[in-house]
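1. predicted structure and sequence below. I'll ask about it afterward.
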Amino acid sequence: ATADPSAALRNRMLGHVASVVERYAGRIESWDVVNEPLAFTSGNLDPANPYYRHLGPEFLAEAFRAARAADPNARLFLNEVTTEWIPAKFAGLMSLVEGLLADGVPIDGIGLQGHFLFARPDRASLTSNLQAIAALGLAVEITELDIPLVLFANEPDPLAAQAAAYVDVFAACLAV
């Protein structure tokens, strides 16, 4: 009989989540349960993601439920990239998370990777995105943050301009 590769992948995923989260239960406060499920430049689930390709969108709920069962007290996060400069990606992320919440999936927060690679942060836009997440009753964290100095090469004082951009990010966080 031929083994079912989807069942094998599901068992590996759930076994990994259970063994790792149980091992550190009570010692790790929060987990990025699912990292970057969306396509890089759109708000759609990534068709290249092997979990999505073989297990369907249900893999997200299954991973979160397995993590909650392994440690009921840990905060569970979905972590995503490029939402800071692709509005459709942020909209897709919000739609995905709203659907998970409506289905009773135990998600406690969203992590945003702050890779401001092409433009300096827009404080108002970032504040609005953070507020939209918080309005869902979720924690929101900037899980990575980089603002390359090259963005400020034409400024009279590039280091001061870069520092001001970091201030914008922190001000947005403090506002929420």
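-> On my side now, so go ahead.

2. distance of the most centrally placed residue in the chain from Val33?
-> Taking CA atoms, centre = their mean, the centroid of the chain lies closest to Asn79, which sits 1.6 Å from it. As judged by CB to CB, to the nearest Å, Asn79 and Val33 stand 8 Å apart. C-betas here are computed from N, CA, C, even on glycine.

3. which strand residues bridge the residue lying closest to Leu138 once chain neighbours are set aside?
-> Excluding its sequence neighbours, the residue lying closest to Leu138 (CB to CB, 6 or more residues apart in numbering) is Gly109, at 4.9 Å. With DSSP bridges applied, the residues forming beta bridges to Gly109 are Phe77, Ala139.

4. wait, isn't Gly109 in contact with Asn79?
-> No: under the criterion of CB atoms under 8 Å, Gly109 makes no contact with Asn79, lying 9.3 Å away.

5. the strands in this structure, which residues?
-> Secondary structure of the chain (DSSP state E): strands at 30-35, 75-80, 109-115, 139-146.

6. need the helices for the chain, in chain order.
-> Assigned by DSSP state H, the chain shows helices spanning 5-23, 50-55, 58-70, 87-102, 123-135, 158-175.

7. buried deepest among those, which one?
-> Neighbour counts (mean count of other CB atoms under 10 Å) averaged over each of those peak at helix 58-70, with a mean of 19.

8. counting by contacts, list what it packs against.
-> For helix 58-70, the packing partners by 3 or more CB pairs under 8 Å, 6 or more residues apart in numbering; DSSP states H and E come out as helix 5-23, strand 30-35, helix 50-55, strand 75-80, helix 87-102.
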